[in-house]
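In: got a predicted structure plus its sequence, pasted below:
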Amino acid sequence: MIVVLVGMTVRPAIAQDARQVVEAASEAMGAANLRSVEYSGTGWVAAVGQSYSATLHDVGEGWPHFETTRHTRTIDYEARSMSVEMTRSQGNYPPRGGGGTPIQGEQTRNSFVNGDYAWNDRGGDPLPAPNAVEQLQLEILLSPHGFIKAALASDDLTAFKRRVLQVDDSVMDVTMVSFTAMGKYRLSGMFTDDNLLEYVQTWMPNPVFGDMVYEIRYNDYEDFDGIMFPTDFHGHAGASGYDHTQKFWYLDPNFLQFNVSSVRPNISDSVPAVPDVVRRATVPAVQVETERLAEGVWLIGGGSHNSVAVEFRDFVAVIEAPLNEERSLAVMEEVSRLVPDKAIDYVVATHHHFDHIGGLRTYYSDGAKIVTQLANRDFYERILLSAAPRTVAPDRLSLHPMPSTATPYDRFETLAERYTLSDGERTIEIHALRNLNHVENMVIVYLPEEKLLINADLYSPPAPGAAMPPLNRRMRTLSRNMQRLGLDVDRHVPIHGRVGTNEEFLSIVGAGN
């Protein structure tokens, strides 16, 4: 249920009032007696930042959905530990967008946090995930009883009354409480008259959205051995809004529906042991590994995503700005080392998925023009390059914004079908793809003299010694677009993985595909 705020009446908020509100909720929900809990259910999850379309649109197209046939969470509040065990499948949801779409069969994803250690398990081997510690610990605090425990332990708890209009036009008085957690996250919660927590919200750092709204609504409470626990969870993540001039919604933010079927309070052995490999792991520094592909052309890798730098007579162009500002700064520093006397004037964005544009603001802030398909421009201007707050994790553009006389459109080069970047000596061609389910508007980059084809998410040559991947729809789409465009390709340069030959690619797709 979406609650629309229509007014707010505030009374002076004093710490004692706020504490009384939370203590009443703690008593009603049994939080003081709850040391640990395991709850299971089914529903769906969505891949945030992996939408099929970046076009501002009527509500209905959002993050790609996956059915969760098994979803179990176990939390130990005192140990600050949590395990999330999930099995997901494509279900009846359309296979459009990223985040693993389409899933073949079932896929198991297990994540764990214990204090300051986090890891994933995809099949029996723990994989350290030190960068995930903070988010997983924050999710513990956003759980129904975790929120109450954190609120009672805070030293800046405030409360006020609010009137909200519901979808059936009825008006309801609720109590809001708010406090700071982990030194930088502002957590808010809404309590109904029966002292049950109905809604939690905070802002998480996101390289595209900035302070990204993250909220969960809790409904249909039931009694489980003296503990009141919600049996319906619904989550929103990401920017959403309504343009009153154009009359459209954009970016439907639904990311979670969890229908709880069982709850086990105060279970024993709820703390997952930290594997030795996880205990020894540290937050990895950004790695940059450079491979020369041709004179003045370099693959800049060293991580999960690659970029490609191309030197022209008076400038440099970079293809792809993935992940975040930290990655972009490392790539920009490497480009400066390779070509010390030329600036990066252009950055090509293959598509709008967040793992591929998370570092785009950094290049823009440094003066580069963004080359992208025309249909992506509004999304980049209104969302990616907006002046939305970035208080949790500021970046260069938020700390040093563009002058008010500079407009985003001054710094875009867009294409409908084809764009050519040339200095009279070297040329790169940027082509729009057709008939792709992964994303609505994507480009590939072709260097005709070097016969290099750069793609994102369509085809990645296997690691040395590994078997060739099975043919899939994205490979077929790439092959057919290559034939349509008449591209003479010697080597494939992926944004994920190693460089491979076209002979390898043809051995998978076949010459006629």
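Out: Structure's in. What do you need?
In: remind me, longest strand of the chain?
Out: strand 210-224 (DSSP state E).
In: how about low-confidence regions in the chain?
Out: Flagging of the chain using pLDDT under 70 yields the residue ranges 1-16, 56-61, 167, 239-251, 406, 408-409, 511-513.
In: let me see the ranges of the helices in it.
Out: For the chain, applying DSSP state H gives helices covering 15-29, 133-142, 144-153, 276-280, 325-338, 354-357, 360-365, 377-379, 396-399, 473-485, 502-509.
In: out of those helices, flag the one nearest E450.
Out: helix 502-509 (12.7 Å; CB to CB). All C-beta atoms are positioned from the backbone trio N, CA, C, and that covers glycine.
In: now the angle from that closest one to helix 473-485?
Out: With axes from the mean of the first three to the mean of the last three CA atoms, to 10 degrees defining the directions, helix 502-509 sits at 120 degrees from helix 473-485.
In: so which residues of the stretch 301-450 of the chain form strands?
Out: Assigned by DSSP state E, counting those that start in this stretch, the stretch 301-450 of the chain shows strands spanning 307-311, 316-319, 344-348, 369-373, 412-415, 418-422, 427-432, 443-447.
In: so what are the domain limits for the chain?
Out: Following automatic domain parsing, one finds the domains of the chain at 4-278, 302-509.
In: so which of these is nearest T290?
Out: Among the domains of the chain, the nearest to T290 by CB to CB is domain 302-509 (6.1 Å).
In: how far off centre is that closest one?
Out: Chain-centre distance of domain 302-509: 18 Å, with CA atoms, centre = their mean, to the nearest Å.
In: quote the end-to-end distance of that domain.
Out: Domain 302-509 has an end-to-end distance of 28 Å (CA to CA, to the nearest Å).
In: with stretch 380-390 instead?
Out: In stretch 380-390, first residue to last residue: 16 Å (CA to CA).
In: and it, which residues are buried?
Out: By 16 or more other CB atoms under 10 Å, the buried positions in stretch 380-390 come out as 380-386, 388, 390.
In: out of the residues you listed, the closest to L458 would be?
Out: Checking the buried residues of stretch 380-390 against L458 by CB to CB gives Y380 as the nearest, at 21.3 Å.
In: list the contacts for the closest one?
Out: By CB atoms under 8 Å, 6 or more residues apart in numbering, the contact list for Y380 reads 54, 349, 352, 357, 360, 370, 372, 408, 412.
In: which one of those residues is nearest to G124?
Out: Nearest member of these to G124, counting by CB to CB, is I357, at 34.0 Å.
In: quick check: chain neighbours aside, which residue is closest to that closest one?
Out: The spatially closest residue to I357, leaving aside those adjacent along the chain, is A349, at 5.6 Å (CB to CB, 6 or more residues apart in numbering).
In: quick revisit: closest to Y185 among the contacts of Y380?
Out: Among those, and counting by CB to CB, the member closest to Y185 is I357, at 24.4 Å.
In: pretty sure that closest one is touching A321, no?
Out: Yes - counting by CB atoms under 8 Å, I357 touches A321, with 6.4 Å between them.
In: overlap in contacts, these two.
Out: Common neighbours of I357 and A321 (CB under 8 Å, 6+ apart) are A349.
In: okay, now T414: neighbour count?
Out: By the criterion of other CB atoms under 10 Å, T414 has 15 neighbours.
In: quick one: the nearest residue to it once chain neighbours are set aside and D488, what's the gap?
Out: Counting by CB to CB, 6+ apart, T414 lies nearest to L374, which is 4.3 Å off, once chain neighbours are set aside. Remark: distance between L374 and D488 (CB to CB, to the nearest Å) = 27 Å.
In: quick one: contacts for E85?
Out: By CB under 8 Å, 6+ apart, E85 lies in contact with 70-73, 108, 110.
In: which members of the residues you listed are positioned in strands?
Out: If you go by DSSP E, these have 70-73, 108, 110 in strands.
In: so among those, which ones count as buried?
Out: 71, 73, 110.
In: now, among those residues, which is nearest to K161?
Out: Of all these, K161 sits closest to R73, with 31.9 Å by CB to CB.
In: tell me what the closest one is bridged to.
Out: Beta bridges link R73 to Y39, V84 when assigned by DSSP bridges.
In: now do the contacts for it.
Out: 38-40, 82-85, 143.
In: got a list of what the residue nearest to L471 when sequence neighbours are not counted touches?
Out: Setting aside the residues directly before and after it, L471 is nearest to I508 in space (CB to CB, 6+ apart), at 5.4 Å. Counting by CB under 8 Å, 6+ apart, I508 touches 468-471, 475.
In: by neighbours, which of the residues you listed wins?
Out: M475 (19 neighbours).
In: OK, contacts around N306?
Out: So N306 contacts 299-300, 320, 322, 493-497 (CB under 8 Å, 6+ apart).
In: more neighbours: L374 and D488, which one.
Out: L374 (14 against 10).
In: the more buried one: what's it in contact with?
Out: Neighbour list for L374: 414-416, 441 [criterion: CB under 8 Å, 6+ apart].
In: repeat that with 10 Å
Out: Counting by CB atoms under 10 Å, 6 or more residues apart in numbering, L374 touches 412, 414-417, 419, 432, 441.
In: likewise W298?
Out: Counting by CB under 10 Å, 6+ apart, W298 touches 290-292, 307-311, 316, 318, 334-335, 338-339.
In: the strands of the stretch 301-450 of the chain: which one's closest to L187?
Out: Nearest of these (CB to CB): strand 369-373, 35.0 Å.
In: list the strands paired with the closest one, with their directions.
Out: Within its sheet, strand 369-373 is paired with strand 344-348 (parallel), strand 412-415 (parallel), according to DSSP bridges.
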